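Give me a model of this one.
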Amino acid sequence: MKCPNCGAEMEEGSLYCVACGEDIHIVPDFEPRLDQDIQQTIKNITEDIWEKEDTAEADGNSAAPFAQKGREEQKKPDRKENGKRRKRILATAFLLTVVAAAGLGAALYHSPDYQAAKARKCTEKALYDKAVRYYERAIELDPDNVSLKVELADIYFLKNNKIEYEYLLRSIVYDENASGEQVESAYGKLIAIYRSREDYQEISDFLLDSGNEAIIMKYQNYVAKDPQFSVIEGYYTSIQPLKLSAFGTGRIYYTMDGSDPDENSDAYTAPILLESGDYVVKAIYISENGVRSNIVKKEYHIDIDELPPPEIGIASGDYRFPMNIEVADDNNEVYYTTDGTDPTKASTLYTGPIPMPLGESVFRFVRINNGMVSEVEERVYNLVLDTDITPDQAVDIVLKYCIAIDRIFDEAGYFDENGDRYLYEYQYVVNINGVDDFYVVMEILQDADKNLTGTGIYYAVNAYTGKIYRLQTDNGGYTLITLE
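Below you'll find the predicted structure:
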């Protein structure tokens, strides 16, 4: 078969010329039902013409008896004339039928449904090249029909034409006429293509460029989003704990020397404290598949105002009577330690006056506010009372009293058959209401499983006379209750 436009040889049944690109307007093969309809149309036209001819002859013969007298008898038609007339009628009918068939064929040629039907039949017969041509013609006639693109993509898959297959799938995901199901299916097929060639970076870039959050969530393990910074870059007057976060199960790497981060840089594991100075922080997220996010860069200038250290009410030194250690200005959070280490926010929070311990003690105080930390204030005390009664003796006095009133069975503190007992521990020495100095002893319940719970009962033993009292506290004050 030759192209009527350029004369080039064409494949049989082709709808366009590969050489010049000209569409070949031929009447396509009719369906069996269509062919039957055409044959029936010819038959009907022929019968109609013959019927009219016979009717005309009959009418002429029946009118003869009523003609005027003297007219000559009508001549019978000549057979040759009748034959010629029938031939002309048949020729006309055939011409009309051909014209109608040609028009119908042209209409079918411009029908996307017809082209798609032919493509599907070719697919069933594994005639993939012909199926492609029919699908391309159908899409040309109905470019908004995404289902045709999906079917054509499947043909390219069967032909193992990966380039055209991928191209069509990409066109589907960006086609505004595609349904959500068609888009999701196209994404899944594309990701399968990239995964088969281990092109995980392409998967991440493709998903992020889509802007489709539902698809991104579905394939989040393949996505490398940029790391997020908890602190907006800029100027600050206090220490800033900078937190880095990312979407996924990979790791964040960062640098603070201006270089670009990679797998060999510091891995982010805890907040980065930005103290006084200028900082350039760069971070990158790298997924488990090695997919990299963009490098995110933030700049900070930290200029911390000076935070005054806490003011301690009493100075370091030796003392012969109990004292309370107080912070003069506790409007800001103050923390302290007694083991010689520098306090932090994890240390004990100052909440009120602290009784000075017996013997030598070291207190270290610091003020912390809005990320700023003051200088450490240290105090060293040595408290010695002018008495022969010790804290241990005060505990013995309490034990003997509790045995005497049958609160406990013995000095071990047991009081029932279940193994529970009361323990008595020295807490501190304090001057109460200006009366005298007292050792404060606390009662603690220890159950059979050795769990400890305070009972809320306190005893006060006079540090000089050894007399025992029950002690009650009220809004930071003390009340002594005499015991019989």
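
how far does stretch 356-363 sit from the chain's center?
The gap between where stretch 356-363 is centred and where its chain is centred comes out at 55 Å by CA atoms, centre = their mean, to the nearest Å.

Pull the CA coordinates from that stretch and hand them back as PDB.
What follows is stretch 356-363, C-alpha atoms only, in PDB (Å, rounded to 0.1, in the frame of the first residue of the first chain):
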ATOM      1  CA  MET A 356      22.000  24.900 108.100                       C
ATOM      2  CA  PRO A 357      23.300  21.400 108.600                       C
ATOM      3  CA  LEU A 358      25.500  20.400 111.500                       C
ATOM      4  CA  GLY A 359      29.200  20.200 110.900                       C
ATOM      5  CA  GLU A 360      30.800  21.400 107.700                       C
ATOM      6  CA  SER A 361      28.700  21.900 104.500                       C
ATOM      7  CA  VAL A 362      29.200  23.400 101.100                       C
ATOM      8  CA  PHE A 363      26.400  25.100  99.200                       C
END
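
Please spell out which residues along it are buried.
M356, P357, L358, F363 (16 or more other CB atoms under 10 Å). Backbone N, C-alpha and C define where each C-beta goes, glycine included.

which of those lies closest to K118?
Out of the buried residues of stretch 356-363, the one with the shortest distance to K118 is F363. That distance is 94.8 Å, counting by CB to CB.

before we move on, back to that, tell me which two in the buried residues of stretch 356-363 are the farthest apart.
Taking every pair in those and measuring CB to CB, the maximum separation is 14.2 Å, between L358 and F363.

and T341, how many neighbours?
Number of residues near T341 (other CB atoms under 10 Å) recorded here: 11.

can you check L307 too?
Other residues lying near L307 total 18 when counted by other CB under 10 Å.

One more: the one 5 residues further on?
Per other CB under 10 Å, the neighbour tally for I312 reads 18.

just for this protein, where's the confidence low?
Flagging of the chain using pLDDT under 70 yields the residue ranges 1-8, 10-110, 329-332, 476.

Which residue ranges of it form helices?
Ranges of helices in the chain, per DSSP state H, are 32-62, 79-109, 112-124, 128-141, 146-158, 162-173, 180-196, 200-210, 213-218, 391-404.

Wait, S210 touches R170, no?
No: when contacts are counted by CB atoms under 8 Å, S210 is not listed as touching R170 (10.5 Å).

domain parsing for the chain?
What automatic domain parsing lists as the domains of the chain is 1-30, 112-222, 228-302, 317-383, 391-482.

For the nearest residue to G340 once chain neighbours are set aside, which residues count as its bridge partners?
Of all residues beyond its chain neighbours, the one nearest G340 is V362 (5.4 Å), with distances taken as CB to CB, 6 or more residues apart in numbering. On DSSP bridges, the residues paired with V362 through beta bridges are V380.

now V362: how far from K225?
Taking CB to CB, to the nearest Å as the criterion, V362 is separated from K225 by 50 Å.

same deal with N264?
N264 sits 22 Å away from K225, going by CB to CB.

swap in G340?
Relative to K225, G340 is positioned 47 Å away (criterion: CB to CB).

Neighbour count for those two, which is higher?
When G340 is set against K225 and neighbours are counted by other CB under 10 Å, the residue ahead is K225, at 18 against 10.

number of nearby residues for P391?
P391 sits with 19 neighbouring residues when counted by other CB under 10 Å.

So what pairs up with the closest residue to it other than its chain neighbours in the strands?
Closest residue in space to P391, ignoring its immediate chain neighbours: Y426 at 4.0 Å, by CB to CB, 6+ apart. Note on Y426: beta-bridge partners by DSSP bridges are V441.

Near Y426, how many other residues are there?
Under the neighbour criterion other CB under 10 Å, Y426 is assigned a count of 18.

which residues touch the nearest residue to K130 once chain neighbours are set aside?
In space, not counting the residues next to it along the chain, K130 is nearest to C122; the distance is 4.3 Å by CB to CB, 6+ apart. By CB atoms under 8 Å, 6 or more residues apart in numbering, the contact set of C122 is Y128, K130, A131, Y134.

Name the nearest residue to the last one, ignoring sequence neighbours.
The reference is to Y134. Here the nearest residue to Y134 in space, its sequence neighbours aside, is A119; by CB to CB, 6+ apart that works out to 3.5 Å.

give the contact list for that neighbour.
Under the criterion of CB under 8 Å, 6+ apart, the contact partners of A119 comprise K130, A131, V132, Y134, Y135, A138, E151, I155.

How many residues are close by the third one?
Same thing as V132. Other residues lying near V132 total 19 when counted by other CB under 10 Å.

Burial check on R364, number of neighbours?
When counting by other CB under 10 Å, one arrives at 19 neighbours for R364.

and what of K125?
Neighbour count for K125, taken as other CB under 10 Å: 9.

Next up, the contacts around the nearest residue to Y458 once chain neighbours are set aside.
In space, not counting the residues next to it along the chain, Y458 is nearest to L471; the distance is 4.2 Å by CB to CB, 6+ apart. Contacts of L471 were listed using CB under 8 Å, 6+ apart, and they are I432, F438, V440, Y458, Y459, A460, Y478, T479, L480, I481.

Would you mind listing which of those residues are buried?
Buried subset of those (neighbour count, 16+ other CB under 10 Å): I432, F438, V440, Y458, Y459, A460, Y478, L480.

Can you get me the start-to-end distance on stretch 265-283?
Using CA to CA, to the nearest Å, the end-to-end distance of stretch 265-283 comes out at 9 Å.

Pull out the buried residues from it.
Judged by neighbour count (16+ other CB under 10 Å), stretch 265-283 contains these buried residues: S265, Y268, I272, L274, Y279, V281, K282, A283.

for stretch 339-347, same thing?
Across stretch 339-347, burial judged by 16+ other CB under 10 Å covers P343, S347.

In PyMOL, select just the buried ones from the contacts of C122.
Remark: buried members of the contacts of C122, expressed as a PyMOL selection using 16+ other CB under 10 Å:
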select buried, resi 128+130+131+134
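
Farthest pair within the contacts of C122?
Of all pairs drawn from the contacts of C122, the one with the largest separation by CB to CB is Y128 and Y134; the distance is 10.7 Å.
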